[in-house]
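Asks: Provide a 3D model corresponding to the input given below.
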Amino acid sequence: MTNTLSGILPVVPTPYQDGGGVDEGAMARLVEYAIGSGVDGLVFPGFASEVEHLTAQERRDLLGKVVHETAGKVPIIAGASAETAEDVIDHGKVASELGVRWLMIQPPKSIGSDAEAVIAFLGQVAAALPDARIILQNAPAPRGSDLSPATILDVARAVPQVAYVKEETLPAGPAISEIMAHRPDTLLGAIGGGGARYVLDEYARGACAAMPAIEISGEHVELDRAWRSGNQARAREIYVKTLPLLALQAVYRMRLTKHVMIRRGVLENTIVRAPTPELDELATADIDANLLELGIINRQEDLIA
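Replies: Numbering: from 1, shown residues only. Below you'll find the model as predicted:
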């Protein structure tokens, strides 16, 4: 297992067959595409994987597929969030059996946002999974607990296995600045969320990585490399070109991701289980216009479904 995380760590979506079951063959193609794009790691399952709509067996099988297809080329972060510490521990044990030690955990809303409660929850998980390294996912309300920077710092000091925080509250930038300014040595860094819609602000404040959706992994890798090499003008140029698509992704979520992956020749349908807005003709045309601008679609003929 790598000791640190950095760069572009996309969340892999869950592909489905026409009959509604998960599609492991398509999952293999998604992993191949991401690794071929130069990503620095893979996340599964996460919100963008429709994790709440997967059975425990589907989660296990698909995580195993991701591990197999990745073949050690990049680190894997397993989503292990659940409503109880016992269920988080169970997910962590599955990941451990597959050789995955990085776990991303969002403390459940049911325990509240008090530091003492979050410390007790994650402390129980850490004690049961002593080899795990935890990414604390701080999702915004109403989906997440919207933990304050002070709470996150208290948790990190009390639970040394918390190695990173994925900061997704809005605005994330000031929270990242506060966390990075006062983090204990055991907290290695902050990771940006929000679909990379705020990635340059996050990087400028010291974030070490981003966890966007997968559909423009190559573009995000190029942006990341430009930033790290000191070519911030090029990073901003790429960022500005991606923003119209990312604005649409904030609305259409996994359907947009899967539509783009169809255009890339990786997926065959946009089937989702999560309640997600449908892509009508005008929405699809708007997305495709952005794909033309980004060079993902190169000819008008490619727009024909």
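
Asks: so, low pLDDT: which residues of the stretch 201-305 of the chain?
Replies: 299-305 (pLDDT under 70).

Asks: can you give me the strands in it?
Replies: 209-210 (DSSP state E, counting those that start in this stretch).

Asks: going along the chain, name the helices of it.
Replies: Using DSSP state H, counting those that start in this stretch, the helices of the stretch 201-305 of the chain run over 217-228, 232-263, 281-294.

Asks: need those in a markdown table (columns: distance to residue 48 and mean neighbour count).
Replies: Where you see a C-beta, it was placed from the backbone N, CA and C, and this is true even at glycine. Putting the helices of the stretch 201-305 of the chain into a markdown table (distance: least, CB to CB, whole Å; neighbours: other CB atoms under 10 Å) gives the following:
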| stretch | distance to residue 48 | mean neighbour count |
| --- | --- | --- |
| helix 217-228 | 12 | 20 |
| helix 232-263 | 6 | 19 |
| helix 281-294 | 16 | 16 |
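
Asks: next, format these as TSV and append distance to residue 210.
Replies: Listed next are these as TSV, based on distance: least, CB to CB, whole Å:
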stretch	distance to residue 210
helix 217-228	7
helix 232-263	11
helix 281-294	17
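
Asks: with respect to residue 51, which of those lies nearest?
Replies: The stretch from the helices of the stretch 201-305 of the chain with the least distance to residue 51 (CB to CB) is helix 232-263; that distance is 11.2 Å.

Asks: tell me which other helices or strands the closest one touches.
Replies: helix 199-204, helix 217-228, helix 281-294 (3 or more CB pairs under 8 Å, 6 or more residues apart in numbering; DSSP states H and E).

Asks: who are the packing partners of the first one?
Replies: Secondary-structure packing of helix 199-204 (3+ CB pairs under 8 Å, 6+ apart): helix 172-182, strand 189-192, strand 209-210, helix 217-228, helix 232-263.

Asks: quick check, distance from the shortest one to the centre of its chain.
Replies: Spelled out, it's strand 209-210. How far strand 209-210 lies from its chain's middle: 9 Å, per CA atoms, centre = their mean, to the nearest Å.

Asks: start the count at 750, not 1, going forward
Replies: Let's use 750 as the start, then, which means that last one is strand 958-959.

Asks: pull up the pairing partners for that strand, direction included.
Replies: Next to strand 958-959 in the sheet, as set by DSSP bridges, lie strand 756-757 (parallel), strand 938-941 (parallel).

Asks: circling back: how about the helices and strands packed on helix 981-1012, which one is nearest residue 804?
Replies: So among the helices and strands packed on helix 981-1012, helix 966-977 is nearest, using CB to CB, at 27.0 Å.

Asks: report all helices and strands that the closest one contacts.
Replies: Using 3+ CB pairs under 8 Å, 6+ apart: helix 966-977 touches strand 756-757, helix 948-953, helix 981-1012.

Asks: what's the burial count for the residue lying closest to residue 896 once chain neighbours are set aside?
Replies: Spatial nearest neighbour of residue 896, chain neighbours left out: residue 887 (4.9 Å); criterion: CB to CB, 6 or more residues apart in numbering. Around residue 887 there are 28 other residues, counting by other CB atoms under 10 Å.

Asks: list the contacts of residue 887.
Replies: Going by CB atoms under 8 Å, 6 or more residues apart in numbering, residue 887 touches 855, 893-896, 901, 914-918, 924.

Asks: and the residues you listed as a markdown table, adding distance to residue 947 and neighbour count?
Replies: Listed next are the contacts of residue 887 as a markdown table, based on distance: CB to CB, whole Å; neighbours: other CB atoms under 10 Å:
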| residue | distance to residue 947 | neighbour count |
| --- | --- | --- |
| 855 | 19 | 23 |
| 893 | 16 | 20 |
| 894 | 20 | 23 |
| 895 | 16 | 17 |
| 896 | 18 | 27 |
| 901 | 18 | 25 |
| 914 | 15 | 28 |
| 915 | 13 | 26 |
| 916 | 10 | 30 |
| 917 | 10 | 23 |
| 918 | 11 | 22 |
| 924 | 11 | 23 |
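
Asks: among those residues, which lie within strands?
Replies: Using DSSP state E, 914-916 are the members of the contacts of residue 887 that sit in strands.

Asks: which member of those is positioned nearest residue 793?
Replies: Of the ones in strands among the contacts of residue 887, the one sitting nearest to residue 793 (CB to CB) turns out to be residue 915, at 14.2 Å.

Asks: isn't that closest one up against residue 884?
Replies: Yes. Counting by CB atoms under 8 Å, residue 884 is a contact partner of residue 915 at 5.5 Å.

Asks: what do these two both touch?
Replies: 853, 940.

Asks: winner for burial among the strands paired with strand 958-959?
Replies: strand 938-941 (a mean of 25; mean count of other CB atoms under 10 Å).

Asks: in the stretch 750-899 of the chain, what residue spans correspond to helices?
Replies: Counting by DSSP H, counting those that start in this stretch, the helices of the stretch 750-899 of the chain are 773-785, 805-819, 834-846, 864-877, 898-907.
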